[in-house]
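Chemist: sequence first, predicted coordinates after that:
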Amino acid sequence: MLSGKEEEAATIMDNRDIFDQSSSPNNDVLVICDHATNDLKFIKPTDRETGMLESNEGFDPGAADLACLISERLECISVYSSFSKTIIDPSVSLCSQDLVPCFYKQLDEDQLQEVTFNSDGYRLWERLSSFYLEYYKLLKETALFLEQPSLILSVHSHDPEVQQGASCDIQLYRPWIEGDDLLIDRVYNSLSQAEGINI
């Protein structure tokens, strides 16, 4: 069970088959979705921003559904962010200038649109402690609970008109040196057969 503070940062789904006595639960794979929702919590955007936040600007549409489907098929645990990346982006480093976006990403630089609830000032530490750090704390605890999964799948979706440099929807990570190559090949080949997914 997650505490109230933890639920503000992340959602965890356990699709492992723990009742099958003939095999062990799948602790080898962890699925994560950094941009699962566009939930702004207590922040109210302007009417003009609402449409932007329902696109790839606010979250990764479809990524949470895909991550859930993968988790169900692989019978593994999945972790999802519970906050919009416009509040603070869990997929970038703490040193990145994009950690808290001040502008929406658009191809026309002459018509940059401000993220009003960021450009008017915000409490960075509150966002770090309540969302970013709490999210990564839960990711770490989940990985330790699984005793170091051999593979971490990070699921995203991309709008080519907004993010031209984006090259993939799913990234495969081997967080530890010792990995199961057969497991990686099996998961990669299974995902590669899905239409419209770039890995």
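Modeler: Thanks, I have it. Residues are numbered from 1 along each chain as shown.
Chemist: can we go C-alpha only for contacts and neighbour counts from here?
Modeler: Fine.
Chemist: and the pLDDT at the most centrally placed residue in the chain?
Modeler: When Cα atoms, centre = their mean is applied to the chain, the residue found nearest the centroid is Asp34 (1.3 Å). pLDDT for Asp34: 95.
Chemist: ditto for Leu182
Modeler: 64.
Chemist: contacting residues around the residue nearest to the centre of the chain?
Modeler: Counting by Cα atoms under 8 Å, 6 or more residues apart in numbering, Asp34 makes contact with 80-81, 90-91, 154-156.
Chemist: out of these, the closest to Thr116 would be?
Modeler: Thr116 lies nearest to Pro90 out of the contacts of Asp34, by Cα to Cα, at 19.7 Å.
Chemist: return the set of buried residues in stretch 4-21.
Modeler: If you call a residue buried by 16 or more other Cα atoms under 10 Å, then stretch 4-21 has these buried ones: 6-12, 15-16.
Chemist: just put these in CSV and tack on pLDDT.
Modeler: Below are these laid out as CSV (pLDDT from 0 to 100):
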residue, pLDDT
Glu6, 88
Glu7, 91
Glu8, 93
Ala9, 95
Ala10, 96
Thr11, 95
Ile12, 95
Asn15, 91
Arg16, 89
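Chemist: relative to Pro25, how far out is Ile18?
Modeler: For Ile18, the distance to Pro25 (Cα to Cα, to the nearest Å) stands at 5 Å.
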